[in-house]
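Chemist: got a predicted model here, sequence first, then my questions.
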Amino acid sequence: MFVVLLGPPGAGKGTQAQRLTTSTGLLHLSTGDMFRENVREGTELGTLAKSYMDRGELVPDEVTIKMLLERITRPDAAEGAMFDGFPRNVVQAAALDEALQGRGDSIDHALLIAVPDEELVARLGGRWLCRVCGAVYHELNDPPSRPGACDTCDGELYQRDDDRPDVVRTRLEKMKPPADLIDHYRDADVLREIDGERDLDSVTADLLEALR
């Protein structure tokens, strides 16, 4: 079984990927981890990828897909794999489809963890830090007892620029799955949208149900 896991920053994709791999035996395949492993081990593809990264360039899709295809031949991918971080656009999705078809495989499920933008901004933009001791708080998940003051040392709390709501909104627009990528999997009849606004256990249950 081959699965594409989709979702914007703050949707809980990383947490859910860990839960799903534990329950299903699927290999969680993050392209970032895969790049680092190949570079660390000095593989031919890793050396090639590093040459692009050292120049500050994106690793070509062809190289990334070759790494993916090699990785899913290993024993720990016997049950299949969950792709996380690739594809990022419809061109990459089409290239991955073609590569998998060349070996008699295909994407069986594309799972989109959907969360409204305002909820994502609240999740990602609610972090505050203490100027004195560095303690971290969150407006929703772990608020201080008194607004603006650290519970530990009474220091002033501040918000980093990249945690400000307006900056978070801009980052979301750049990083959430594009509409044509979602449509690509919808047209292939493999897309399943999961309500990611609920508690972790409910989201996990729906994801597992979609894979059945």
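Modeler: Done, it's in. Residues are numbered from 1 along each chain as shown.

Chemist: what secondary structure does the closest residue to N38 other than its chain neighbours sit in?
Modeler: In space, and not counting its chain neighbours, N38 is closest to G46: 3.0 Å by Cβ to Cβ, 6 or more residues apart in numbering. C-beta here means a position set from N, CA and C on the backbone, and glycine is covered the same way. Following DSSP: H, G, I helix; E, B strand; the rest coil, G46 is assigned to helix.

Chemist: isn't G46 right up against Y52?
Modeler: No - the pair G46 / Y52 is not scored as a contact, 11.1 Å apart, by Cβ atoms under 8 Å.

Chemist: when the two are compared, which one has more neighbours?
Modeler: More crowded of G46 and Y52, by other Cβ atoms under 10 Å: G46, with 19 against 14.

Chemist: which ones are touching the more buried one?
Modeler: Going by Cβ atoms under 8 Å, 6 or more residues apart in numbering, G46 touches 35, 37-40.

Chemist: output these in JSON lines; the columns should cover neighbour count and distance to L120.
Modeler: Output for these, formatted as JSON lines (neighbours: other Cβ atoms under 10 Å; distance: Cβ to Cβ, whole Å):
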{"residue": "F35", "neighbour count": "21", "distance to L120": "26"}
{"residue": "E37", "neighbour count": "14", "distance to L120": "30"}
{"residue": "N38", "neighbour count": "21", "distance to L120": "32"}
{"residue": "V39", "neighbour count": "17", "distance to L120": "31"}
{"residue": "R40", "neighbour count": "10", "distance to L120": "33"}
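
Chemist: and the residues you listed, which two are the farthest apart?
Modeler: F35 and R40 (9.4 Å; Cβ to Cβ).

Chemist: separation between D183 and L191?
Modeler: In this view, D183 and L191 are 9 Å apart by Cβ to Cβ, to the nearest Å.

Chemist: who has more neighbours out of these two?
Modeler: Per other Cβ under 10 Å, whichever of D183 and L191 has more neighbours is L191, with 20 against 12.

Chemist: against D162, how distant is that one?
Modeler: As for L191, its distance to D162 is 31 Å (criterion: Cβ to Cβ).

Chemist: please identify the buried residues of stretch 133-146?
Modeler: For stretch 133-146, a neighbour-count test (16 or more other Cβ atoms under 10 Å) marks 135, 137-138, 144 as buried.

Chemist: no, scratch that, I was asking about stretch 81-91
Modeler: 81-84, 86-88, 90.

Chemist: could you give the mean pLDDT of that stretch?
Modeler: Mean per-residue pLDDT for stretch 81-91: 92.

Chemist: which residues touch it?
Modeler: Residues contacting stretch 81-91 (Cβ under 8 Å, 6+ apart): 2-5, 13-14, 17, 20-21, 26-32, 61, 64, 68, 71-72, 92-93, 95-96, 177-178, 180-181, 183-184.

Chemist: do that again at 6 Å, thanks
Modeler: For stretch 81-91, the external contacting residues (Cβ atoms under 6 Å, 6 or more residues apart in numbering) are 2-5, 17, 26-32, 72, 93, 96, 178, 180-181, 184.

Chemist: what subset of these is buried?
Modeler: 2-5, 17, 26-31, 72, 93, 96, 181, 184.
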